[in-house]
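Student: Prediction below, plus the sequence it came from.
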Amino acid sequence: MLFEREIRTSGKGLVDITAVIRDVLSESRLAEGLCTVFVRHTSSSLVIQENADPAVLRDLEAWFERAVPENDALYTHTDEGPDDMPSHVRVALTATSLSIPFSEGRLMLGTWQGVFLWEHRSSPKRRRVVIHVAP
């Protein structure tokens, strides 16, 4: 079964979409299988990360700011603003799809794991996420 959901972001940062995926899984009424999540954009990505301590997410974002800075003189793709090329690099270092098994109608995430859409652009965006649920 294939589902698509819109995720609104408020600019750079991680948005917890675990509940969106759980709702889709519930809607599918499947008990066991594999859930694949795919973001349909080249400047946002998906990660499974700790969902208990917000400092983890802040630290990840701060690390990426240092590792992949804006306005790097080496970038030649600059037509869409100083945050565009760094967002493509960040996507290349993370993922655009994730596969999560489920059993008894529940995602088999660890205790402190959540699924996050990682917005790499500065301005708010509407992102499309495709969720495929299969037995």
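Tutor: It's in. Small disclaimer: the values here were computed from a predicted structure and weren't measured. Numbering: from 1, shown residues only.
Student: need the strands for this protein, in chain order.
Tutor: 2-8, 13-16, 33-39, 44-50, 97-103, 106-107, 113-119, 126-134 (DSSP state E).
Student: Each with direction, which strands does the third one pair with?
Tutor: The one in question is strand 33-39. With DSSP bridges as the test, strand 33-39 is paired with strand 97-103 (antiparallel), strand 126-134 (antiparallel).
Student: Of those, which is nearest residue 83?
Tutor: strand 126-134 (15.0 Å; CB to CB). The way it works is simple: take the backbone N, C-alpha and C, and place the C-beta from them, glycine included.
Student: any idea how far the closest one is from the chain center?
Tutor: In terms of CA atoms, centre = their mean, to the nearest Å, the centre of strand 126-134 is set 11 Å apart from its chain centre.
Student: orientation of that strand relative to strand 2-8 in degrees?
Tutor: Relative orientation of strand 126-134 and strand 2-8, computed by axes from the mean of the first three to the mean of the last three CA atoms, to 10 degrees: 150 degrees.
Student: and strand 126-134, C-alpha only, in CSV?
Tutor: Below are the C-alpha coordinates for strand 126-134, written out as CSV (Å, rounded to 0.1, in the frame of the first residue of the first chain):
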residue,chain,number,x,y,z
ARG,A,126,6.2,21.8,2.2
ARG,A,127,7.8,18.4,1.8
ARG,A,128,6.2,15.3,0.3
VAL,A,129,7.0,12.0,1.9
VAL,A,130,5.9,8.7,0.4
ILE,A,131,5.3,5.8,2.7
HIS,A,132,5.0,2.3,1.3
VAL,A,133,3.7,-0.5,3.6
ALA,A,134,4.1,-4.1,2.5
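Student: Mind pulling up the pLDDT for residue 88?
Tutor: Predicted confidence (pLDDT) at residue 88: the value is 97.
Student: rewinding a little: among the strands paired with strand 33-39, show me which one is buried the most.
Tutor: Of all the strands paired with strand 33-39, strand 126-134 has the most neighbours on average by mean count of other CB atoms under 10 Å, namely a mean of 17.
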